[in-house]
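Visitor: This is a predicted model, with the sequence first.
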Amino acid sequence: MNVEETYDIIIVGAGHAGCEAALAAARLGFETIMFTVSLDSVALMPCNPNIGGSSKGHLVREIDALGGEMGKNIDKTYIQSKMLNVSKGPAVHSLRAQADKGEYTKQMRMTLQAEPHLTLRQAEVSELIFEALGDENEPKGAANSTVKVTGVKTFSGAIYHAKAVVLCTGVYLKAMCIYGDTITYTGPNGLMAANHLSDSMTEAGIPLRRFKTGTPPRLDKNSIDFSKMSEQKGDEHIQPFSFTNTEEDIARDQISCWLTYTGEETHEIIKENIDRSPLFSGVIKGTGPRYCPSIEDKIMKFPDKERHQLFVEPEGEFTTEMYLDGMSSSMPEDVQYRMVHSVPGLENAKIVRPAYAIEYDCISATDLKPSLEFKSVKGLFSAGQINGSSGYEEAGAQGLMAGINAARLLQGKEPVVLSRSDGYIGVLIDDLVTKETKEPYRMMTSRAEYRLLLRQDNADLRLTDIGYEIGLIDEARYKTFCRKREIINSEIERLKSAMIGANKEIQEFLASNESSPIHTAVSIADIIRRPEFSYEKVSPIDKERPELELTREIIEQIDISLKYEGYIERQQRQVKQFLKMDKKKIPADIDYSDVKNLRIEARQKLELIRPETIGQASRISGVSPADVNMILLYLK
């Protein structure tokens with residue numbers, strides 16, 4: 001007799017998307033079960049040993065601001081932290097932390113196991129269970145589902161009933177690991193692949209495609225000559241990822257990374273053996289990530305480049321494994337040895353794990369609503385690399401939103417859909433569900449139109465109200481946040497009204513800081529706006545400054561708000577125009593064949609993607625402004 005159990009929400013997969021989805025659903029009070037092919041793979045970091053980075057740091061801070069877990073977990077388990085792009089403007093500052101991979105997994109698993117409404121189960125989900133929708137009153141337009149998911153079946157035959165299911169399968173669906181002629185039908189790190197769920201999805205009418213990603217070799221630290229490399233230390237002052245932490249809360253001794261380079265010999269080895277690369281020989285069918293190419297791809301596409309950076313990064317505090325960031329490859333094992341040994345400092349390096357490419361099944365996210373629910377199946381959500389994205393952070397962000405929206409479906413509430421002007425999470429999901437992604441999608445600051453407003457430093461000011469309304473931010477945290485916001489706003493207003501005259505003391509102060517004199521009374525805010533000044537630097541002339549112990553985060557907000565005020569106001573005006581379009585709803589059952597003067601390409605794209613708003617329609621590749629005007633005329 002088979003096992004049969006009932007839950008509110010089922011999460012399939014326990015990677016970064018699955019963990020966020022499961023915690024969100026459980027913390028909102030729903031009995032949740034999370035399946036994984038191996039409990040050792042919970043929050044696994046099978047590739048790079050870091051969280052954050054350019055634009056990805058924004059995503060992690062937004063996850064935290066909404067009440068997710070990733071930021072808290074990396075704060076517990078980092079071994080080095082660095083703010084990237086500090087020589088540029090605040091819009092592109094991005095936090096990145098090297099993680100202790102083993103500890104990251106361990107701490108996340110402990111968090112999951114401590115959650116009262118969450119059950120972890122090691123089993124392979126092999127089948128989705130559906131039934132026809134019984135509500136005859138529900139409109140059956142092309143954008144509406146005709147079936148709903150009611151549970152899953154595992155490979156052992158056990159049946160689990162639920163009202164919502166979130167697919168967070170990562171790179172495990174019919175996974176295939178490849179280097180040279182060596183092919184293993186496993187998931188990352190030799191873990192078992194999920195070989196049956198793909199067939200169930202195909203039978204349900206969900207089209208699948210093949211993507212691929214890859215990892216570099218891992219080396220034994222004891223065999224590396226670091227004297228030939230440049231040491232890369234962490235920042236002196238640590239910026240936590242989680243807004244619930246301070247620098248003092250997470251202070252620790254940091255562990256260095258190291259920088260070296262490929263050279264002419266490395267490049268010649270790759271060129272001589274390029275016909276043996278599965279990437280070029282046709283063995284690998286899946287499409288790889290454009291912005292994280294393999295080393296052989298880089299050498300062949302950029303033949304004039306004399307060298308490429310390689311970062312040697314520790315995989316943890318209690319292991320000698322080092323990650324060779326920048327040398328992702330699927331070359332045969334013997335070629336990998338020659339490549340590694342041609343790099344300064346790695347002449348005698350021992351390879352602990354060879355590099356490999358991994359190919360897997362995924363969906364086109366254009367089959368999803370902006371809530372990440374499938375258009376064709378009610379109650380079925382999807383998040384992470386199965387949606388055609390890449391990266392832990394992109395996965396975590398989608399998982400959080402899918403978990404929230406699965407819970408809200410059961411609550412009978414409208415889904416939470418973040419706008420492109422709300423956060424990088426909004427940009428990420430809008431890009432995935434609106435644009436036809438032909439390769440694994442990677443978040444970048446350049447994808448965000450309003451990046452001066454969507455900075456990593458103000459993620460809490462943008463999103464914590466939403467997290468509180470959803471129910472993932474508790475009362476104590478919300479009160480602390482409101483107090484912070486109040487201090488920032490009141491201090492900015494005080495500085496704008498605090499006037500100083502053109503007296504001798506002020507002129508001497510300005511001259512001592514190589515700043516031009518003033519000829520009439522100005523506000524202290526006007527002085528802070530000068531490039532050579534900051535909130536802290538004007539303290540000698542700020543006689544009315546209140547006795548407040550301000551954190552570095554608050555001072556940073558004051559400085560940025562004043563120095564970039566004109567640019568921020570301009571972007572806010574642009575956002576108002578954008579939101580007008582994004583709030584104009586398109587009926588779910590619209591028949592685009594009735595819309596006159598639409599071009600054939602636009603009609604086909606609109607039928608395929610079924611945008612929910614005029615704004616979303618305007619961002620579809622192949623839909624022109626003239627096509628949008630035709631839709632507006634039709635709706636009028």
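Guide: Cool, the structure landed.

Visitor: In the protein, what helix or strand scores lowest on average pLDDT?
Guide: Confidence across the helices and strands of the chain bottoms out at helix 278-281, with a mean of 75, counting by mean pLDDT, DSSP states H and E.

Visitor: Mind giving me the packing neighbours of that helix?
Guide: helix 295-301 (3 or more C-beta pairs under 8 Å, 6 or more residues apart in numbering; DSSP states H and E). C-betas here are computed from N, CA, C, even on glycine.

Visitor: Tell me the strands beside the very next helix or strand once past the helix it packs on, with direction?
Guide: On the C-terminal side of helix 295-301, the nearest following helix or strand under DSSP states H and E is strand 309-314. Strand 309-314 has its sheet partners listed here by DSSP bridges as strand 257-261 (antiparallel), strand 321-325 (antiparallel).

Visitor: Deepest-packed of those strands, please.
Guide: Highest mean neighbour count among those (mean count of other C-beta atoms under 10 Å): strand 321-325, with a mean of 23.

Visitor: My guess is Pro611 contacts Val628. True?
Guide: No: between Pro611 and Val628 no contact is recorded; they are 10.0 Å apart, counting by C-beta atoms under 8 Å.

Visitor: Any chance you could give me the least confident helix or strand of the chain in PDB, C-alpha atoms only?
Guide: Provided in PDB are the C-alpha atoms of helix 278-281 (Å, rounded to 0.1, in the frame of the first residue of the first chain):
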ATOM      1  CA  PRO A 278      32.100  18.800 -26.500                       C
ATOM      2  CA  LEU A 279      31.000  22.500 -26.800                       C
ATOM      3  CA  PHE A 280      32.500  22.700 -30.300                       C
ATOM      4  CA  SER A 281      32.100  19.100 -31.400                       C
END
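
Visitor: in that helix, what counts as buried?
Guide: 278-279 (16 or more other C-beta atoms under 10 Å).

Visitor: who touches it?
Guide: Residues outside helix 278-281 that contact it (C-beta atoms under 8 Å, 6 or more residues apart in numbering): 178-181, 274-275, 284, 288, 294, 296-297, 300, 330, 357.

Visitor: Highest neighbour count among those residues?
Guide: Neighbour counts for the contacts of helix 278-281, by other C-beta atoms under 10 Å, peak at Ser330, which reaches 32 neighbours.

Visitor: Need the three-state assignment for it.
Guide: Secondary structure, DSSP: H, G, I helix; E, B strand; the rest coil: Ser330 is coil.

Visitor: who touches it in this structure?
Guide: 178-180, 214, 277-279, 284, 294, 296, 355-357.

Visitor: Could you point out which of the residues you listed is nearest to Ile554?
Guide: Checking these against Ile554 by C-beta to C-beta gives Gly214 as the nearest, at 42.4 Å.

Visitor: re the thing from before, make JSON lines out of the contacts of helix 278-281 and add pLDDT and distance to Thr437.
Guide: As requested, the contacts of helix 278-281 are exported to JSON lines (pLDDT from 0 to 100; distance: C-beta to C-beta, whole Å):
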{"residue": "Ile178", "pLDDT": "92", "distance to Thr437": "22"}
{"residue": "Tyr179", "pLDDT": "92", "distance to Thr437": "26"}
{"residue": "Gly180", "pLDDT": "91", "distance to Thr437": "29"}
{"residue": "Asp181", "pLDDT": "89", "distance to Thr437": "30"}
{"residue": "Ile274", "pLDDT": "92", "distance to Thr437": "27"}
{"residue": "Asp275", "pLDDT": "90", "distance to Thr437": "30"}
{"residue": "Ile284", "pLDDT": "74", "distance to Thr437": "18"}
{"residue": "Gly288", "pLDDT": "69", "distance to Thr437": "13"}
{"residue": "Ser294", "pLDDT": "88", "distance to Thr437": "19"}
{"residue": "Glu296", "pLDDT": "91", "distance to Thr437": "23"}
{"residue": "Asp297", "pLDDT": "88", "distance to Thr437": "19"}
{"residue": "Met300", "pLDDT": "89", "distance to Thr437": "23"}
{"residue": "Ser330", "pLDDT": "92", "distance to Thr437": "22"}
{"residue": "Ala357", "pLDDT": "93", "distance to Thr437": "19"}
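
Visitor: For Leu324, give its distance to Asn50.
Guide: Between Leu324 and Asn50 the computed distance is 14 Å (C-beta to C-beta, to the nearest Å).

Visitor: nope, Ile274 is what I meant
Guide: Going from Ile274 to Asn50 by C-beta to C-beta gives 29 Å.

Visitor: contact partners of stretch 105-118?
Guide: By C-beta under 8 Å, 6+ apart, stretch 105-118 touches 14, 19, 22-23, 25-27, 29-34, 39-40, 42-45, 69, 73, 76-77, 120.

Visitor: Now, of these, which are buried?
Guide: Applying 16+ other C-beta under 10 Å to the contacts of stretch 105-118 flags 14, 19, 22-23, 25-27, 30-34, 42-45, 69, 73, 76-77, 120 as buried.

Visitor: Quick check: Gly263 touching Val343?
Guide: Yes: contact criterion C-beta under 8 Å: Gly263 and Val343 qualify, at 7.3 Å.

Visitor: what do those two both touch?
Guide: Counting by C-beta under 8 Å, 6+ apart, Gly263 and Val343 have no common neighbour.

Visitor: more neighbours, those two?
Guide: In terms of neighbours (other C-beta under 10 Å), Val343 is the more surrounded of Gly263 and Val343; the figures are 24 against 14.

Visitor: Kindly confirm my reading that that one is in a strand.
Guide: No: applying three-state DSSP, one finds Val343 to be coil, outside a strand.

Visitor: That one is in contact with Tyr261, isn't it?
Guide: Yes: with contact defined as C-beta under 8 Å, Val343 reaches Tyr261; the gap is 7.3 Å.

Visitor: Touching both of these two, which residues are there?
Guide: Leu310.

Visitor: surely Ile11 meets Ala22?
Guide: Yes: Ile11 lies in contact with Ala22 (C-beta under 8 Å); the separation is 4.5 Å.

Visitor: how about the nearest residue in space to Ser624 that is not next to it in sequence, what does it touch?
Guide: Using C-beta to C-beta, 6 or more residues apart in numbering and skipping the chain neighbours, the partner closest in space to Ser624 is Ala602 (6.7 Å). Neighbour list for Ala602: 620, 622-624, 627 [criterion: C-beta under 8 Å, 6+ apart].

Visitor: Next up, phi/psi of Ala602, please.
Guide: Phi and psi for Ala602, reported as degrees, to the nearest 10, are phi -60, psi -40.

Visitor: Repeat that for the one 5 residues further on.
Guide: As for Glu607, its main-chain torsions (degrees, to the nearest 10) stand at phi -70, psi -40.

Visitor: Could you count how many residues lie near it?
Guide: Using other C-beta under 10 Å, Glu607 has 14 other residues around it.

Visitor: tell me which element Ile631 is part of?
Guide: Going by DSSP H and E, Ile631 is part of helix 625-635.

Visitor: how close does the closest residue to Ile609 other than its chain neighbours get to Ser376?
Guide: In space, and not counting its chain neighbours, Ile609 is closest to Thr366: 5.1 Å by C-beta to C-beta, 6+ apart. Distance of Thr366 to Ser376, computed by C-beta to C-beta: 12 Å.

Visitor: mind listing the helices in the stretch 451-600 of the chain by residue range?
Guide: For the stretch 451-600 of the chain, helices defined by DSSP state H, counting those that start in this stretch occupy the ranges 459-470, 475-497, 504-512, 524-528, 552-563, 565-582, 600-609.

Visitor: Show me which residues of the last one are buried.
Guide: Judged by neighbour count (16+ other C-beta under 10 Å), helix 600-609 contains these buried residues: 602-603, 605-606, 609.

Visitor: Same question for the fifth one.
Guide: Of all the residues in helix 552-563, those buried under the rule 16+ other C-beta under 10 Å are 553-554, 556-563.

Visitor: for the longest one, same thing?
Guide: Using 16+ other C-beta under 10 Å as the test for burial, helix 475-497 gives 477, 481, 484-485, 487-488, 491-492, 494-495.
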